[in-house]
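Undergrad: sequence and computational prediction follow.
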Amino acid sequence: MKDVFCRIVEGELPSSKVYEDDEVVAILDVSPVAKGHCLVIPKAHYQDFLSVPKDLLHKVMDVAQRIGQAEIAVLGAKGINILTNVGEMAGQSVPHFHVHVIPRYVRGEGGFQLEMKAMDSSTLNLPALAKDISQGLK
C-alpha cells in the first residue's frame with residue numbers, strides 16, 4: 001500500500017503545492033501547527049532521513065531553506081523550525097522522508113513546543129561515547 005506522500009506525488013490525492021520540480025514537491029501541511037507549515041518531500045520514496053541519498057537530501061534542504069526565507073519575507077514569521085523525524089519513537093507518522101518547515105510568530109500563538117531536557121551527563125563517559133559514535137560513521 002502506498003503512503004500518503006506517494007499518493008500526493010502521483011496525483012491521487014489533492015494538495016496545496018508551494019513548490020515542485022522533477023525531484024521534490026513542497027505542500028502545505030493539512031494539519032498545520034502554524035500558518036504556512038510546509039512539508040518538503042522527495043518524489044522518490046525513501047523511508048526516512050537516514051535512507052535518502054545525499055544529493056537528494058541536499059536538494060530537499062535547499063528547498064526547505066528557500067521556503068523558510070519566503071515565510072519570513074512574505075508571512076512575517078519571526079523564526080523557522082526545520083524538523084524531520086526518524087522512526088515512530090521520534091514521532092515519524094508517515095514512512096516517507098519529509099522535512100517540516102514551520103514558521104514561528106509570536107510566542108503563545110499556536111505552534112508547537114519542542115521541549116528537550118538535559119540528562120545528567122555525569123553518568124556518561126563522554127569521551128568513550130564520542131569514540132563509539134565516531135567509529136560508527138560511514
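TA: Cool, got the structure.

Undergrad: below-threshold pLDDT in this structure: ranges please.
TA: Along the chain, segments meeting pLDDT under 70 span 107-116, 138.

Undergrad: hmm, try it at 90
TA: 1, 33-34, 89-91, 105-138 (pLDDT under 90).

Undergrad: geometric centre of it: which residue is closest?
TA: Taking CA atoms, centre = their mean, the centroid of the chain lies closest to V99, which sits 2.0 Å from it.

Undergrad: that one pairs with what?
TA: Beta bridges link V99 to V40 when assigned by DSSP bridges.

Undergrad: that one and M89, how far apart?
TA: 19 Å (CB to CB, to the nearest Å). For the C-beta atoms, the positions are set from N, CA and C on the backbone; glycine is no exception.

Undergrad: hey, where'd the strands end up in the chain?
TA: 17-20, 24-28, 38-42, 79-83, 99-104 (DSSP state E).

Undergrad: buried residues in the second one, which are they?
TA: Of the residues in strand 24-28, those with enough neighbours to count as buried (16 or more other CB atoms under 10 Å) are V24, V25, A26, I27.

Undergrad: check which helices and strands the longest helix that the chain contains sits against.
TA: Criterion DSSP state H: the longest helix present in the chain is helix 54-75. With contacts taken as 3 or more CB pairs under 8 Å, 6 or more residues apart in numbering; DSSP states H and E, helix 54-75 sits against strand 17-20, strand 24-28, strand 38-42, strand 79-83, strand 99-104.

Undergrad: and the shortest one, C-alpha only, in PDB?
TA: Provided in PDB are the C-alpha atoms of strand 17-20 (Å, rounded to 0.1, in the frame of the first residue of the first chain):
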ATOM      1  CA  LYS A  17       1.600  22.900  -3.600                       C
ATOM      2  CA  VAL A  18       4.100  25.500  -2.700                       C
ATOM      3  CA  TYR A  19       6.900  24.200  -4.900                       C
ATOM      4  CA  GLU A  20       7.600  21.500  -7.400                       C
END
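
Undergrad: I am finished for the moment; much appreciated.
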